[in-house]
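J.: when you get a sec, could you give me coordinates for this:
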Amino acid sequence: MSDRLIDVKNREIDRLKQEIEILKGRVSEHSPAPPTEKHGRNRAKLIALYLILSAVLVWGSLEFSLELSSFSFSAAAVSLMLAAVTIFDELGVKEFRTHEEIRKGNIAVSLYWLGLCILGGCALIASR
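T.: Below is the predicted model of the structure:
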């Protein structure tokens, strides 16, 4: 009776080991690729877009509609903040990539950025 129970447990252990190996293969297939030269160029384009957006918003509000200047200055502040965060992420901390950590499912990094967004929103609301 005990030999039979041991055989059943050994088969179950083997089956679980096979499932683990299958899951390891799936995880490696979906792991993000390392950053490339194209990745850096996309970030530079994103920073340029943030800066151009902020300049256009401020110029447009001052030139055409002073009533919207509060909104445009706050939107410019947000875009400049995003540019500063992107520059800091690229140049300041080279061994830690925020976007890749979030893609991997790192909840701590996601909550940190959520907190920064909430604080930024509170700062924009308080500036009115």
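
J.: hey, let's count contacts and neighbours off CA atoms from now on
T.: OK.

J.: which SSE is the most centrally placed residue in the chain in?
T.: Centroid check for the chain by C-alpha atoms, centre = their mean gives His99 as the closest residue, at 3.4 Å. Following DSSP states H and E, one finds His99 within helix 98-104.

J.: pull that helix out as CSV, backbone CA atoms only.
T.: This file holds the C-alpha atoms of helix 98-104, laid out as CSV (Å, rounded to 0.1, in the frame of the first residue of the first chain):
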residue,chain,number,x,y,z
THR,A,98,11.2,52.3,-15.0
HIS,A,99,9.0,51.4,-18.0
GLU,A,100,10.5,47.9,-18.3
GLU,A,101,9.9,47.3,-14.5
ILE,A,102,6.3,48.3,-14.9
ARG,A,103,6.0,46.0,-18.0
LYS,A,104,7.4,43.1,-15.9
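
J.: tell me what it is packed against?
T.: If contacts are counted by 3 or more C-alpha pairs under 8 Å, 6 or more residues apart in numbering; DSSP states H and E, helix 98-104 sits against helix 107-126.

J.: flag every buried residue along the helix it packs on.
T.: Residues of helix 107-126 classed as buried by neighbour count (16 or more other C-alpha atoms under 10 Å): 110, 124.

J.: got a list of contacts for that helix?
T.: The set of residues external to helix 107-126 that reach it, using C-alpha atoms under 8 Å, 6 or more residues apart in numbering, is 74, 78, 98, 101-102.
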